[in-house]
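let me see the structure of the following:
(chains A and B)
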Amino acid sequence: DTAVSQTPKYLVTQMGNDKSIKCEQNLGHDTMYWYKQDSKKFLKIMFSYNNKELIINETVPNRFSPKSPDKAHLNLHINSLELGDSAVYFCASSQTAGRNQETQYFGPGTRLLVL
Amino acid sequence: DAKTTQPTSMDCAEGRAANLPCNHSTISGNEYVYWYRQIHSQGPQYIIHGLKNNETNEMASLIITEDRKSSTLILPHATLRDTAVYYCIVRVARTNRDDKIIFGKGTRLHILP
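So this is what the prediction gives:
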C-alpha cells in the first residue's frame, strides 16, 4: 500500500491553463507539505498544512492555492500556468509539526511540463 | 538556520562501505541531523537521524562528532540500488508550527559494479 500517493504522475499542459495535483496519505499524519523540485534539482518547500490549517507559505505566487479538505488530503491548484512552473512537485506528510524527531514521508512526485 | 556542506559527488565500489561526510559547524544545541536520499525519479526517502549519539538502523549508521560540527553517514555494504543523491539536513523548528526541511545540494553517490 502506498503511504503517500499523488495524481497524476505526469501532467503536460499549455501555458495559461489551470490544473490541479492531488495528494493523499494513509499514514494518519496530521501535517502535509508541498515541495517543488526545479530543473536544477533544488528541492524547496512551498506549503505546509497542519490539521487543515495553513502553517507555512514560502513566498509562493498566489496562482498556487493549496486546499486541504481533510487531514489525509492536500491538493494543489495552479492557475494561469507559466513556463517556469515546469518542475516535479512532491507531496509529503509527517506527524505533529514542529517536533524535531518526526520524519517526513514523500510521495512519488508529479512531473509537470508547461508548453 | 544551520547550513550543511557536503561533497558534490562520491564513488564507492559495490559491497564496500560508503562513508558520506557532512559539515554543520553552526548547528544549534537542540537541532537534529537528518539524512534523506533521493533515488532517480523518486521522492526523497528518510534514512536516519540523530542528536548527539551515534545511531544505527536497518539502512545505515550515523556517526556524529563530539562537538556536533560534522557527521558521517555510513552505508555498510553498498549496492547498486544505493546510487542516489544523499541530503544531510539540520532540522529547523523555531516554534511548534514552523517545521520544515531545507534541502541543500546533497552528495551524488555512485555505486560502481
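
buried set for the worst-scoring helix or strand of chain A on mean pLDDT?
Using mean pLDDT, DSSP states H and E, strand A:53-57 stands out as the lowest-scoring helix or strand of chain A, at a mean of 83. Across strand A:53-57, burial judged by 16 or more other CB atoms under 10 Å in any protein chain shown covers A:55-56. For the C-beta atoms, the positions are set from N, CA and C on the backbone; glycine is no exception.

what's the first helix or strand after that strand?
strand A:64-70 (DSSP states H and E).

the helix or strand just after that next one pairs with which strands?
Downstream of strand A:64-70, the first helix or strand assigned by DSSP H and E is strand A:73-78. Strand pairing for strand A:73-78, determined by DSSP bridges: strand A:19-25 (antiparallel), strand A:64-70 (antiparallel).

rebuild the ones you listed as a markdown table, extending it with mean neighbour count.
Compiled in a markdown table, these are given as follows (neighbours: other CB atoms under 10 Å in any protein chain shown):
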| stretch | mean neighbour count |
| --- | --- |
| strand A:19-25 | 19 |
| strand A:64-70 | 14 |
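
closest one to B:A18 among the ones you listed?
strand A:19-25 (30.4 Å; CB to CB).

what's in contact with the closest one?
A:3-8, A:11, A:13, A:32, A:34, A:72-78, A:81, A:89, A:91, A:93, A:105, A:107, A:110, A:112 (CB atoms under 8 Å, 6 or more residues apart in numbering or on different chains).

quick one, which of these are buried?
A:4, A:6, A:11, A:13, A:32, A:34, A:72-76, A:78, A:81, A:89, A:91, A:93, A:105, A:107, A:110, A:112.

do a quick rundown of the strands in chain B.
B:9-13, B:18-23, B:33-38, B:45-50, B:55-56, B:61-64, B:70-75, B:84-90, B:92-93, B:99-100, B:107-112 (DSSP state E).

can you tell me which of those strands the model trusts least?
Out of those, strand B:92-93 stands lowest, with a mean of 57 (criterion: mean pLDDT).
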